[in-house]
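Enquirer: Provided below are the primary sequence and the corresponding predicted coordinates.
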Amino acid sequence: MKNEKSNHYHKVLLLLLLSNFFLSIACKQSTKNLRQDIANEVKQSSKDTISIAIQPLTFSDTSTLNWIKQNIENYYHFNVSILPEIAIPKHAFYKPRNRYRADTIIRFLKNYKPNQFQYIVGFTDKDISTTKEKFPDFGIMGLGFVPGPSCVVSTFRLKTTDKKLLKERIAKVVLHEIGHNLGLPHCKNHCFMHAADASIKQVDSEPLDMCDDCKMRLKKRNGILNEILYKMKK
């Protein structure tokens, strides 16, 4: 009788030991899988990071170009590269007004963009224009596809002797045009996506930020931007 109880006790003990052993293996495997999932997620996040190029167009002020780069990185959290300067395409020149057609420039940039970049921002200090309603050639600060891979910004109508104010204006217009490329329309809220209508006063009155409505539109348009939006809110 004692032997039977002893054997039963040993069997139960063995089963408990085996159960703990397999449970331990399962936990380790689960932890390993979790770590692998996190690693894959980080890898995918890095893979999905948007890359954008700044293309100087007959423009060589490296300080301004680096300012633009810094603002794009800080706000949108894109990978940003500054490309070597090139001349504005001759076929974009509009002789009657002695300026360049922005619509022609962004079409050129769309085809010129290196494949490793999803977006490209042309930047110049030359006067640019486009057709607007009843005006066949209307002077503007910037223009971008909505949505699309390219935009262009000019400092010609942003000029001021106040260097700090000039930098703020440049940042707002660049981030505005990139917003268009990402699919955002003009906004009626207090937001840098508000339509400036060639009014520098409107640009100056805007914050260096999107409104919540624009951020939500951006989130709905493109899931890849969820992480960007999270960082923007922090």
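Expert: Everything's here; your move.
Enquirer: C-alpha from now on. contacts and neighbour counts both.
Expert: Will do.
Enquirer: without its sequence neighbours, what residue ends up closest to residue 185?
Expert: residue 146 (7.0 Å; C-alpha to C-alpha, 6 or more residues apart in numbering).
Enquirer: sorry, slip of the keys, the one I care about is residue 113.
Expert: residue 120 (6.3 Å).
Enquirer: so that neighbour bridges to which residues?
Expert: Residues in a beta bridge with residue 120, per DSSP bridges, are residue 53, residue 150.
Enquirer: how many other residues sit next to it?
Expert: Burial of residue 120 is recorded as 28 neighbouring residues (other C-alpha atoms under 10 Å).
Enquirer: for it, give its distance to residue 126.
Expert: Going from residue 120 to residue 126 by C-alpha to C-alpha, to the nearest Å gives 18 Å.
Enquirer: in terms of helices and strands, where is the residue nearest to residue 185?
Expert: For residue 146, there is no enclosing helix or strand under DSSP states H and E.
Enquirer: re earlier: how near is the residue nearest to residue 113 to residue 163?
Expert: The separation that residue 120 has from residue 163, given C-alpha to C-alpha, amounts to 25 Å.
Enquirer: swap in residue 202?
Expert: For residue 202, the distance to residue 163 (C-alpha to C-alpha) stands at 18 Å.
Enquirer: what about the two, which has more around it?
Expert: Set residue 202 next to residue 163 and count neighbours by other C-alpha under 10 Å: residue 202 wins out with 13 against 10.
Enquirer: next SSE downstream of the helix or strand hosting the more buried one?
Expert: With the criterion set as DSSP H and E, the secondary-structure element containing residue 202 is helix 200-205. On the C-terminal side of helix 200-205, the closest following helix or strand by DSSP H and E is helix 212-221.
Enquirer: that older thread, I'd like to know how far the residue nearest to residue 185 sits from residue 184.
Expert: Going from residue 146 to residue 184 by C-alpha to C-alpha gives 7 Å.
Enquirer: and if you look at residue 50?
Expert: In this structure, residue 50 and residue 184 are 17 Å apart, going by C-alpha to C-alpha.
Enquirer: what about residue 171, which SS state?
Expert: With DSSP: H, G, I helix; E, B strand; the rest coil as the basis, residue 171 sits in helix.
Enquirer: burial of residue 175, as a residue count?
Expert: When neighbours are counted by other C-alpha under 10 Å, residue 175 registers 22.
Enquirer: which residues of the chain score low on pLDDT?
Expert: Across the chain, the ranges flagged by pLDDT under 70 are 1-48, 198, 222-234.
Enquirer: picking up where we left off before, how about the contacts made by the residue nearest to residue 185?
Expert: The neighbours of residue 146, taking C-alpha atoms under 8 Å, 6 or more residues apart in numbering as the test, are 180, 181, 182, 183, 184, 185.
Enquirer: distance to residue 111, neighbour count and secondary structure for these - can I get that in TSV?
Expert: Below are the contacts of residue 146 laid out as TSV (distance: C-alpha to C-alpha, whole Å; neighbours: other C-alpha atoms under 10 Å; DSSP: H, G, I helix; E, B strand; the rest coil):
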residue	distance to residue 111	neighbour count	secondary structure
180	18	21	helix
181	15	22	helix
182	18	22	coil
183	19	18	coil
184	22	20	coil
185	23	18	coil
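Enquirer: turn the residues you listed into a markdown table, columns for distance to residue 191.
Expert: Formatted as a markdown table, those follow (distance: C-alpha to C-alpha, whole Å):
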| residue | distance to residue 191 |
| --- | --- |
| 180 | 13 |
| 181 | 16 |
| 182 | 16 |
| 183 | 15 |
| 184 | 12 |
| 185 | 12 |
